[in-house]
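**Student:** I need the structure of the sequence given here:
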Amino acid sequence: MPLYRRVPKRGFTNIFRKEYEIVGLDKLEAISGDLPITPELMKEHGLVKKPGAVKILGNGDLARAVTVHAHKFSKSALEKIEKSGGKAVTVPGGKAVTV
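**Tutor:** A predicted model of the protein is given here:
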């Protein structure tokens, strides 16, 4: 049997990859109150499973000014949060899940 058929075929898995929980702005609109929206608050409302590393995407719009704490923000999410009068705070570090 040829060598190329005897050698196992495996792909590359990056062990340093970080996986983020993704939350859209339309989901954040459902959280009411004047408290800052943190990853722990998102977990309480069922938006994320693990509050380790959260990324906010710009899906939807915000109708009110709100302070959002997350590990990463997309450019459109930053623009929409600041446009609504809110504030985007980047949480340092975070326990991103490495697979």
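
**Student:** contacts and neighbour counts: CA atoms only from here.
**Tutor:** Will do.

**Student:** in which helix or strand does the closest residue to H45 other than its chain neighbours reside?
**Tutor:** Among residues not flanking H45 along the chain, I31 sits closest, at 7.5 Å (C-alpha to C-alpha, 6 or more residues apart in numbering). Assigned by DSSP states H and E, I31 belongs to no helix or strand.

**Student:** how near is I31 to V23?
**Tutor:** 12 Å (C-alpha to C-alpha, to the nearest Å).

**Student:** need phi/psi at the residue nearest to H45.
**Tutor:** Backbone geometry at I31, expressed as degrees, to the nearest 10, gives phi -80, psi 120.

**Student:** neighbours of it, how many?
**Tutor:** The tally of other residues near I31 (other C-alpha atoms under 10 Å) stands at 14.

**Student:** give me the pLDDT for it.
**Tutor:** On pLDDT, I31 comes in at 87.

**Student:** okay, now the unreliable bits of the chain?
**Tutor:** 94-99 (pLDDT under 70).

**Student:** the helices in it, which residues?
**Tutor:** 3-6, 25-28, 39-44, 75-83 (DSSP state H).
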